[in-house]
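>>> Got a predicted structure here, sequence first:
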Amino acid sequence: MTKQDLVAAVASSVGVSKKVAGEALEAILASITKSLKKGENVTVTGFGTFRVSKRAARTGVNPRNPSQKIKIPAMNVPAFKAGKSLKDAVR
């Protein structure tokens, strides 16, 4: 399912135009992104939790030259943990 498919599904489910559904989806995604940038968790009860995970610095291998080692810096990455209701629905 693509973003446009999701917008169309929400629009038909709620009975609003695709434009309004698209704006609502953009607002939700922007709010989640803004909270994650601040380092906050976003929990949607019954669906799951978006959080920021810290990835440690490490040494990797250059795929073009396997004998060359490269340093990969530490960084923050977004992560998602599915909630119980979502897990049960998928199973």
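Good, I have the coordinates. Residues are numbered from 1 along each chain as shown.
>>> what's the spacing between Phe50 and Pro78?
Distance of Phe50 to Pro78, computed by C-beta to C-beta, to the nearest Å: 7 Å. (Each C-beta comes from the backbone N, C-alpha and C, glycine too.)
>>> so what's in contact with those two at the same time?
Listed as contacting both Phe50 and Pro78 by C-beta atoms under 8 Å, 6 or more residues apart in numbering are Leu36.
>>> Those two: which has the busier surroundings?
Phe50 (18 against 13; other C-beta atoms under 10 Å).
>>> wait, the more buried one sits on Leu36?
Yes. Between Phe50 and Leu36 there is a contact at 6.2 Å, judged by C-beta atoms under 8 Å.
>>> what helix or strand does the residue lying closest to Gly46 once chain neighbours are set aside sit in?
Counting by C-beta to C-beta, 6 or more residues apart in numbering, Gly46 lies nearest to Ser85, which is 4.1 Å off, once chain neighbours are set aside. If you go by DSSP states H and E, Ser85 is part of helix 84-90.
>>> Now the phi/psi pair for Val77, please.
Backbone torsions of Val77, given as degrees, to the nearest 10, read phi -130, psi 150.
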